[in-house]
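Asks: okay, here's the prediction I keep looking at, along with the sequence it came from:
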Amino acid sequence: MDDKLRERLRTAAEAHRPDRERMLARVERGMAEGPSARTPRGPLPWLRVVGATAAVCGVLAVGAYAVTSAGVGQTRGGQVAGSPVPSVSAPAVPGREPELRTEDGPLWADGAVDPHSNAYWAQSNVTLRTTQPLSSLTVELRIARTGGVHTTGSWRSLPEQDFTASAKEKGGFLVYRWTLKPGRTVPVGTHMFAGQYNHAEGHRGAEGDYFTANAARTTGQQVSVGDNFTSGH
């Protein structure tokens, strides 16, 4: 029911004022006249009056009900308080790769599949170049676990005793991680980190692989780089 119809029903119900005295007089007059021989067969006059009265009351009752129903759910301010709208949760956002850039301040990086990889085995290389010493560094290489991917080792060009290294399966990736130990420093220069793995026979696309490197200069400023691998063997 729209707002205009509700308002018209409410106005009609409020404006109606039944004339009780006139209606009772008609009922009493019909009873006093009594039945007549010339009166056609059918309901007695006073019954017709009572019936008409009942019909009028019925119409008023329906009108009052309609107005009342139209007002259901309204607040004192006259606004309709509709049924609460169920909240809809935002769809879950799938996992995404971090925002990657190949250069940040003194740090530059590149990722590539080693050209000596073959139809059964591959090596992914992460090359870092820094123009300033680094007081902290964490390099993470993620190899998508496509058919048959399994680690066969890793290495880095910087001293082995300066880093903590690990390789584990996590979230659909084979994850290699190298973390510079406290108190150690990465010198200015170009350095390499490599992860090695077997894979199913044939060409392996590396489009799902990527790496990140997070570091801090000796002055304390944080820098980070990363890149995707776009080829494979």
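Replies: Structure received.
Asks: now do the buried residues in stretch 215-233.
Replies: 215-217, 223-227, 229, 232-233 (16 or more other Cβ atoms under 10 Å). The C-beta positions use only the backbone N, C-alpha and C, and glycine is treated the same way.
Asks: now these in JSON lines, with distance to residue 137, pLDDT and secondary structure?
Replies: Conversion of the buried residues of stretch 215-233 to JSON lines gives the following (distance: Cβ to Cβ, whole Å; pLDDT from 0 to 100; DSSP: H, G, I helix; E, B strand; the rest coil):
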{"residue": "215", "distance to residue 137": "4", "pLDDT": "97", "secondary structure": "strand"}
{"residue": "216", "distance to residue 137": "8", "pLDDT": "96", "secondary structure": "strand"}
{"residue": "217", "distance to residue 137": "11", "pLDDT": "91", "secondary structure": "strand"}
{"residue": "223", "distance to residue 137": "10", "pLDDT": "96", "secondary structure": "strand"}
{"residue": "224", "distance to residue 137": "10", "pLDDT": "96", "secondary structure": "strand"}
{"residue": "225", "distance to residue 137": "11", "pLDDT": "97", "secondary structure": "strand"}
{"residue": "226", "distance to residue 137": "13", "pLDDT": "97", "secondary structure": "strand"}
{"residue": "227", "distance to residue 137": "16", "pLDDT": "94", "secondary structure": "strand"}
{"residue": "229", "distance to residue 137": "20", "pLDDT": "92", "secondary structure": "coil"}
{"residue": "232", "distance to residue 137": "26", "pLDDT": "71", "secondary structure": "coil"}
{"residue": "233", "distance to residue 137": "28", "pLDDT": "67", "secondary structure": "coil"}
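Asks: quick one: which of these is nearest to residue 131?
Replies: The closest of these to residue 131 turns out to be residue 217 (Cβ to Cβ; 10.0 Å).
Asks: contacting residues for that closest one?
Replies: Applying Cβ atoms under 8 Å, 6 or more residues apart in numbering to residue 217 gives the contacts 105-106, 132-135, 223.
Asks: the nearest residue to residue 101 once chain neighbours are set aside pairs with what?
Replies: Nearest residue to residue 101 in three dimensions, chain neighbours excluded: residue 225, at 6.1 Å (Cβ to Cβ, 6 or more residues apart in numbering). Residues in a beta bridge with residue 225, per DSSP bridges, are residue 213.
Asks: so residue 225 makes contact with residue 106?
Replies: No. The criterion here is Cβ atoms under 8 Å, and residue 225 misses it with residue 106 at 10.4 Å.
Asks: strands of the protein, residue ranges please.
Replies: Listed in chain order, the strands of the chain (DSSP state E) span 103-104, 107-113, 121-130, 134-144, 150-156, 163-170, 173-180, 189-198, 210-217, 222-228.
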